[in-house]
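S.K.: predicted model follows, preceded by the sequence.
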Amino acid sequence: MATDIRTGRKGQGGGPSMPGDELAQIHRMRLLVVDDVPTNLALLRAQLASGGFTNVTAAAGGHDALDALERSIGPDGRSSVDAVVLDIKMPDLDGYAVCRRMRGEPALADIPVVMVTGYDRWQEETIHAAYESGATDILFKPFRTAELINRVVTALRLKRERDLRRQRERELEAELAERRVMEARLQYLVGHDDLTGLANRRRLEQILEVASLNAQAAGRPLSLLYLDLDRFKLINDREGHGAGDRSLILVANALRKHAGPGTHLARISADEFALLLEGADRDSARRLAETIRAELESLRYESRGRRYPLSASIGVATMEGSVAGRGAELLAQADQACYSAKREGRNRVHVYAETDGALADMERDSRWGERLRRALEGESLVLAFQPVVRLRDHAVTHYEVLVRLREDDGTVVLPGEFLPAAERLGLMPELDRQVVRRTLELIARLPERLSGIGFNVNLSGHTLHDPAFVGSVREALGRSGVPGRRITFELTETAAIADPERAGETLGQLRALGCRVALDDFGSGFSTYTYLKRFPVDYLKIDGGFIQQLAWDSVDQALVRSIVEIARALEKETVAEFVGDEETLELVRSYGIHYAQGYHLGRPSPELPGAGEAGT
């Protein structure tokens, strides 16, 4: 039988010093007191009550205690008991056995147990046995009330700490699970169209590269169908974007019937689809294209009593397995064939021929070639400057340098019209060198009050492979006397990952000159993340496609936040492009993005504030 604890001297109630709020919380915690002697139970409850504990439950033995603990476990698998004051010597089930069973039950394992027992000459063995069974503390009778209160308060504080730790663990687990779901969703959206669920253009380009290599290795053909819906804009304009989306889903579902093994279906732009056919030769690809064209022609989209016929112009391109080529070339050929189908009257199939792309390119290049050469030799290249704003203080710290072409009649031509021809004609390295030279000459003429302003110069992928480019930059810096830190070279993500080793080498050499480097259009492909640790870049310019609809597109918001986190982990500064309104500006600022540019902050201009007309 247990020793009667009434022989102990009753001291003053109380507990260890702690803030009042914490002590009040501890007083509200639930205690279970276990003893087989009724007078002992009554005295323990009285002692605890004198210390401020009122939420006390009693159990008259070991089995009774386990039953009470079992009932305390709620639907969430947690016990409402916060600590147990447990007598050791009980006839039905002693305190050691009760404690061991508690430690074997997950819902009870974290509950502190303060064991109490009568003093005897085997005190050391009792202490050892108590801790071996899982006790948190042990008290020998007789004991004072203050000593009991101190031990119980300590045990309850331990329970609170364990509960807080467990709660934080559960929160972290939930956060991790949610993050994994979000990352999986983001990864999916990077390669898929959210509306139709089909692969997007980025994913198609990745599949194309692998498929083209496999086709060459196996000596098999590879064909691509490029579909452009005819008059899709009519549905969008008359019925709204919702109706346009539903018509796209209708077309996507019709195309899915043809996406079997060895085929890959993608939506590659607003109203364009592509179907990649592994192992299909030109004739079988053309026959399938005719079948799809006829099926789409028979479709009708109905909205508000109006019926709209659907049709598509389809381009077909085939790469023979024995002929070397890249997936990007096949895509360009199919695109050119689709353009020819539209030009021939729409709702038809056109199979790519070598003359299709060549003639079109030759026509464009013949118009631009001589004009570009004259511009490089003369003064008709015009520089324009768009401000880049530091968000923490709204100061303009940089300007992006943009190039224009001034015609003889004074008309200014934007780069989208002449840069493709410059790339095909191999003129980009010379054009980039001239922009660098002109920019450095401008910086050298700027007044002292603008000495802190930097300038961002765009580089083409072709310039990366120009062995003389870095040397020309070194020479221009020396001649102008401008420190390299005032120039930031921008390279698009696409150009960087096309040849990551060469990009890394050239960018590293430019940084060695004191220049800085920005990776432009960042986020357009998650594959860049693999190389980002190795790229010597200072800034990440987030792809403007993610920024333009940021204010109302939750997917873009999640993607941008993800990019900012990655940049922060890699200690890169971030720039948001295409900021078009105040709401978007406030969002990018709240995400912790460092800089922003866009029409809302300033349009490109040939004039720099305080420097006159600088770009001529």
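M.R.: Perfect, thanks for sending it. Residues are numbered from 1 along each chain as shown.
S.K.: residues in a beta bridge with Leu275, which ones?
M.R.: Legend: beta-bridge partners of Leu275 under DSSP bridges are Leu225, Leu265.
S.K.: for the stretch 501-616 of the chain, what spans make up the strands?
M.R.: 516-522, 539-542, 573-576, 595-596, 607-608, 612-613 (DSSP state E, counting those that start in this stretch).
S.K.: the fourth one packs against which elements?
M.R.: The contact analysis (3 or more CB pairs under 8 Å, 6 or more residues apart in numbering; DSSP states H and E) places strand 595-596 against strand 381-390, strand 573-576, helix 582-590. Where you see a C-beta, it was placed from the backbone N, CA and C, and this is true even at glycine.
S.K.: and these: which comes nearest Gln557?
M.R.: The minimum distance between Gln557 and these falls on helix 582-590, with 7.3 Å, by CB to CB.
S.K.: now do the buried residues in the closest one.
M.R.: Thr584, Leu585, Leu587, Val588, Arg589 (16 or more other CB atoms under 10 Å).
S.K.: not counting sequence-adjacent ones, nearest residue to the third one?
M.R.: Read that as Leu587. Leu550 (5.6 Å; CB to CB, 6 or more residues apart in numbering).
S.K.: looking at the one you found now. What's its pLDDT?
M.R.: Looking at Leu550, its pLDDT reads 90.
S.K.: how about the contacts made by it?
M.R.: Asp556, Gln557, Val560, Thr584, Leu587, Val588 (CB atoms under 8 Å, 6 or more residues apart in numbering).
S.K.: neighbours around the second one, how many?
M.R.: Just to be clear, that refers to Gln557. Neighbour count for Gln557, taken as other CB atoms under 10 Å: 16.
S.K.: same deal with the third one?
M.R.: Counted with other CB under 10 Å, the burial measure for Val560 works out to 23 neighbours.
S.K.: so where's the stretch 201-350 of the chain uncertain?
M.R.: 321-325 (pLDDT under 70).
S.K.: helices of that one, start to end?
M.R.: Assigned by DSSP state H, counting those that start in this stretch, the stretch 201-350 of the chain shows helices spanning 201-218, 232-239, 241-256, 282-298, 327-343.
S.K.: other residues contacting the shortest one?
M.R.: Put plainly, it is helix 232-239. With CB under 8 Å, 6+ apart as the test, helix 232-239 has contacts from Ala243, Gly244, Ser247, Leu248, Ala270, Asp271, Tyr301, Ser303, Arg304, Arg306, Tyr308.
S.K.: any of the residues you listed buried? List them.
M.R.: Buried subset of those (neighbour count, 16+ other CB under 10 Å): Ala243, Gly244, Ser247, Leu248, Asp271, Tyr301, Ser303, Tyr308.
S.K.: can I get these in JSON lines with distance to Arg424?
M.R.: Below are those laid out as JSON lines (distance: CB to CB, whole Å):
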{"residue": "Ala243", "distance to Arg424": "40"}
{"residue": "Gly244", "distance to Arg424": "34"}
{"residue": "Ser247", "distance to Arg424": "36"}
{"residue": "Leu248", "distance to Arg424": "33"}
{"residue": "Asp271", "distance to Arg424": "27"}
{"residue": "Tyr301", "distance to Arg424": "39"}
{"residue": "Ser303", "distance to Arg424": "43"}
{"residue": "Tyr308", "distance to Arg424": "39"}
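S.K.: between these, which is nearest Thr196?
M.R.: Leu248 (6.3 Å).
S.K.: could the helices and strands packed on strand 595-596 go into a markdown table alongside distance to Leu277?
M.R.: Conversion of the helices and strands packed on strand 595-596 to a markdown table gives the following (distance: least, CB to CB, whole Å):
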| stretch | distance to Leu277 |
| --- | --- |
| strand 381-390 | 43 |
| strand 573-576 | 40 |
| helix 582-590 | 41 |
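S.K.: dump the ones you listed to JSON lines, plus distance to Thr154 and mean pLDDT.
M.R.: Shown next, in JSON lines, are the helices and strands packed on strand 595-596 (distance: least, CB to CB, whole Å; pLDDT from 0 to 100):
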{"stretch": "strand 381-390", "distance to Thr154": "53", "mean pLDDT": "95"}
{"stretch": "strand 573-576", "distance to Thr154": "49", "mean pLDDT": "96"}
{"stretch": "helix 582-590", "distance to Thr154": "44", "mean pLDDT": "95"}
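S.K.: for Gly61, which of these is the nearest?
M.R.: Using CB to CB, the helices and strands packed on strand 595-596 put helix 582-590 closest to Gly61, at 60.7 Å.
S.K.: and the closest one with strand 381-390, angle?
M.R.: Going by axes from the mean of the first three to the mean of the last three CA atoms, to 10 degrees, helix 582-590 is angled at 60 degrees with respect to strand 381-390.
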